[in-house]
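Novice: Return atomic coordinates for the entry below.
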Amino acid sequence: MPINRRSMMTASAALSAMGSQQALAAQPHNKTLLQKLVPNAAFDQTVQLQAVIDAAAETNIPVRLPAGTFRFTDLRLRSGTRLLGDHGATTLIFMGGSACVTADLADDLVLRDLVIDGTFLPFETERGNGLLSISRSQRITIENVEIRSSVHSGLSLVGVSGRIESCIIRDVHDVGLMSLDATGLDIRNNTVSGCGNNGVTALRTAVAEDGTQITGNRISNIRNTFGGTGQFGNGVNVYRASGVIVSGNRITDCTYSAIRGNASSNILITGNSCERLGEVALYAEFGFEGAVISNNIVDVAATGIAVVNFNEGGRLAVVQGNLIRNLFRREHEPVDTRGIGISVEADTVVSGNTIENAPTFGVTIGWGRYMRNVSATGNVIRNTKVGIGISQNVEAGACLIAQNLISDAIDGAIRAMDHGHVLGPDLTLEPEMLDKVKVVGNVTV
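Specialist: Here you go, the predicted model:
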């Protein structure tokens, strides 16, 4: 074979791959440890696996497990652990015990090309409630790892920075991927499905900057086994975490929301595709300041987008360029029936959205006296009961409704309302009926 630049690069890559596979075996003691592992054995190999992991980390050498199944009861990872498998063919099978796979103070941890199967066996949660639980660890990499069949959560991260990418997390009774107090985390291109409570969470013990990026994931079939009024049953749940980006995800079939931000300031929710949600699809609620919700698609939900709870300090948002359709009313709920495209309250721009098939309101602005400085312009609203509802209250603030196109609104294009109950005439016909509300240039057909 002629020697050229391409052949040299190919040979170099092959030698590098061979070296990483054989590096552990190159140490006489480590080679002996590897030889004690028996793929597809029916017995517990925790002792052998732990010895290999510890020896490899101590000598700063990656360990590659061969294809096959390895049964264990409790594995502890440490700083520098690099545990690699044969993609889709190396499976760690949990046999029950105090914990599954855990790591604490494990900086630069790498897990790649593994399957962790919890087999729905119980374990204690003192060291973490995930089949894989990692705490106080920086610069971790979890890639092409499948985590499945957990009686608690799938992946639990506490005080962690790093990257979770191209993983599969499925069939867990609690949260698929839970992050608490992240220190710089990217969660991208993962598949999360069949979770009992939430798909992906970014939480903090107290309100603070977080900056987690949740991008390009596929999240589906999220239940609400713990009950409550929205804490559980969400594709993505962000709580007290500021500066979080949730972008480009495909989220379907959640009992409550696709994306729910609670007390999370400066949250960016953009470019997500969301279908078949049981409550509000995209939510910014309670004590937040700053939310941008833009260029999302919502198809089938009780409400498309809600930016609310001005009574708790929730304010300051842009809702722009979203496509929202096929809303429904939850008639089994005596109060919270919804069927609304977009609901906002304070210091918010609602612009350039398209809303279709909203059985209650296309857009609602304010709730009682909780309304201030809202601009709704350039929206297209069709096939709804009322196009835009504006809270009528002497303590409510100013509102501009301009240049919207409203079609097939059965009970009026723009109406005053009191806690969801419409009042007075259509304001497109009598635009001066409300103080501090300007209705101008709208088209109704």
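Novice: check contacts around residue 144.
Specialist: 87, 112-114, 165-167 (C-beta atoms under 8 Å, 6 or more residues apart in numbering). Yep, even glycine has a C-beta here, placed from its N, CA and C like the rest.
Novice: Restricted to strands, list the residues you listed.
Specialist: With strands taken from DSSP state E, the overlap with the contacts of residue 144 comprises 112-114, 165.
Novice: how about the most centrally placed residue in the chain, what does it touch?
Specialist: Ranked by distance to the mean C-alpha position of the chain (C-alpha atoms, centre = their mean), the top residue is residue 236 at 2.5 Å. Contacts for residue 236 were tallied using C-beta under 8 Å, 6+ apart; they are 198-202, 214, 219, 246, 249, 251, 258-260.
Novice: if you set the cut-off to 6 Å instead, what comes out?
Specialist: 200, 214, 246, 259 (C-beta atoms under 6 Å, 6 or more residues apart in numbering).
Novice: wait, the third one sits on residue 269?
Specialist: Yes. Taking C-beta atoms under 6 Å as the contact criterion, residue 246 and residue 269 are neighbours in contact, 5.0 Å apart.
Novice: any shared contact partners between the two?
Specialist: If you check residue 246 and residue 269 against C-beta under 6 Å, 6+ apart, the residues they both contact are residue 259.
Novice: Which parts of this protein are helices?
Specialist: All helices of the chain, identified by DSSP state H, fall at 5-26, 28-35, 46-58.
Novice: per-stretch mean pLDDT over the ones you listed, give me the minimum one.
Specialist: Mean pLDDT is lowest for helix 5-26 among the helices of the chain, at a mean of 42.
Novice: quick revisit: specify which member of the contacts of residue 144 is nearest to residue 291.
Specialist: The closest of these to residue 291 turns out to be residue 165 (C-beta to C-beta; 26.3 Å).
Novice: And for that closest one, the neighbour number?
Specialist: 18 (other C-beta atoms under 10 Å).
Novice: Next one: it, what pLDDT does it get?
Specialist: Looking at residue 165, the pLDDT reads 98.
Novice: try residue 170
Specialist: At residue 170, the pLDDT value in this model is 98.
Novice: One more: residue 38?
Specialist: According to the prediction, residue 38 has pLDDT 94.
Novice: before we move on, what about the one 4 residues further on?
Specialist: At residue 42 the predicted local distance difference test score is 96.
Novice: list the contacts for it?
Specialist: Contacts of residue 42 (C-beta under 6 Å, 6+ apart): none.
Novice: What are the contacting residues of stretch 112-127?
Specialist: With C-beta under 6 Å, 6+ apart, stretch 112-127 has contacts from 84-85, 87, 90-94, 96, 98-100, 102, 131-133, 143-151.
Novice: Can you point out the buried residues in that stretch?
Specialist: Neighbour counts using 16 or more other C-beta atoms under 10 Å place 112-118, 121, 123, 125, 127 of stretch 112-127 among the buried residues.
Novice: same thing with stretch 126-143?
Specialist: 127-135, 137-138, 140, 142-143.
Novice: cool, and stretch 65-81?
Specialist: With burial defined by 16+ other C-beta under 10 Å, the residues of stretch 65-81 counted as buried are 65, 69-75, 77-78, 80-81.
Novice: first to last residue in it, what's the distance?
Specialist: Taking C-alpha to C-alpha, to the nearest Å, the first and last residues of stretch 65-81 lie 13 Å apart.
Novice: mind exporting the lengthiest strand in the chain as CSV, just the C-alpha atoms?
Specialist: For the chain, the strand that runs over the most residues, judged by DSSP E, is strand 130-150. Output of strand 130-150 as CSV, limited to C-alpha atoms (Å, rounded to 0.1, in the frame of the first residue of the first chain):
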residue,chain,number,x,y,z
GLY,A,130,-31.2,7.5,40.2
LEU,A,131,-30.0,4.2,38.9
LEU,A,132,-27.0,6.4,38.0
SER,A,133,-26.5,9.1,40.7
ILE,A,134,-23.6,11.6,40.4
SER,A,135,-22.9,14.4,42.9
ARG,A,136,-20.4,17.2,43.4
SER,A,137,-18.6,16.3,40.2
GLN,A,138,-17.2,18.6,37.4
ARG,A,139,-16.7,18.1,33.7
ILE,A,140,-18.5,14.8,33.5
THR,A,141,-19.4,13.2,30.2
ILE,A,142,-22.2,10.7,29.8
GLU,A,143,-22.7,9.7,26.2
ASN,A,144,-24.6,6.9,24.4
VAL,A,145,-25.6,5.4,27.7
GLU,A,146,-29.1,3.7,28.1
ILE,A,147,-30.6,3.8,31.6
ARG,A,148,-33.8,1.8,32.0
SER,A,149,-36.2,0.1,34.4
SER,A,150,-35.8,2.1,37.6
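Novice: Parallel or antiparallel, which strands does that strand pair with?
Specialist: Paired with strand 130-150 in the same sheet, following DSSP bridges, are strand 101-104 (parallel), strand 110-117 (parallel), strand 153-165 (parallel), strand 168-172 (parallel).
Novice: Which one of those lies nearest to residue 371?
Specialist: strand 153-165 (39.1 Å).
Novice: Measure how buried residue 432 is and give me the count.
Specialist: 9.
Novice: If I look at it, what pLDDT would I see?
Specialist: For residue 432, the predicted pLDDT is 76.
Novice: I'd like the distance between it and residue 438.
Specialist: Residue 432 sits at a distance of 9 Å from residue 438 (criterion: C-beta to C-beta, to the nearest Å).
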